[in-house]
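Here's a sequence, model it:
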Amino acid sequence: MITGLCEITLRARDIRALERFYTHALGLGVLSRAHDRIWLAIGDRGRLGIWSPGQKEFGDQGGAHVHFALAVEPGFLEEKLARLRAAGVKATGPVEHPGGDRSIYFTDLEGNVVELWDFFECQTVEALAS
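Next comes the predicted model:
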């Protein structure tokens with residue numbers, strides 16, 4: 001049984017700049033740093049990888065993601081929105097979706113669209129099928 005998302009990796013021309021973006025704008029903590037990658041904590045059991053371009057050990061090169069979503073507890077979207085705006089990040093939202101869940105959207109320094117979403121705290125996975 002799949003129990004959740006372990007990690008997402010993003011490719012970045014300047015891994016230190018993207019690290020500063022996510023630590024400052026979202027408050028993510030640094031798990032580890034190496035010359036070609038940085039790992040940031042997402043919740044208790046997930047991580048966001050920021051990798052420099054180039055081949056890695058299993059044929060990976062980091063992702064060229066267009067959109068990904070991070071789960072946020074209900075009641076904390078406004079706090080995250082204020083933090084993003086204080087960091088100079090243009091963000092849209094909170095946007096309310098059918099069913100009552102809400103999201104904030106913004107773009108990071110590499111052009112990835114990031115969504116902060118309280119869906120999984122408000123809905124069940126089965127609701128995705130409807």
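
Contacts only, for residue 72.
Counting by CB atoms under 8 Å, 6 or more residues apart in numbering, residue 72 touches 80, 116-118, 121. C-betas here are computed from N, CA, C, even on glycine.

if I look at it, how far off is residue 55?
34 Å (CB to CB, to the nearest Å).

Repeat that for residue 101.
Counting by CB to CB, the gap from residue 101 to residue 55 is 39 Å.

which one of the two has more residues nearby?
For residue 101 versus residue 55, neighbours defined as other CB atoms under 10 Å are more numerous around residue 101 (19 against 9).

Name the nearest residue to residue 25, ignoring sequence neighbours.
Nearest residue to residue 25, sequence neighbours excluded (CB to CB, 6 or more residues apart in numbering): residue 87, at 4.3 Å.

Residue 22 is in contact with that neighbour, correct?
No - judged on CB atoms under 8 Å, residue 87 makes no contact with residue 22 at a distance of 10.2 Å.

Check the average confidence over the helix or strand where residue 8 lies, would you?
Using DSSP states H and E, residue 8 sits within strand 7-11. Across strand 7-11, pLDDT averages out at 88.

Check which element follows it along the chain.
Per DSSP H and E, the first helix or strand lying C-terminal to strand 7-11 is helix 15-25.

Contacts for that following helix, please.
Outside helix 15-25, the residues touching it (CB under 8 Å, 6+ apart) are 10, 12, 28-30, 33, 36-38, 40, 48, 50-52, 83-84, 87, 89, 106, 108-110.
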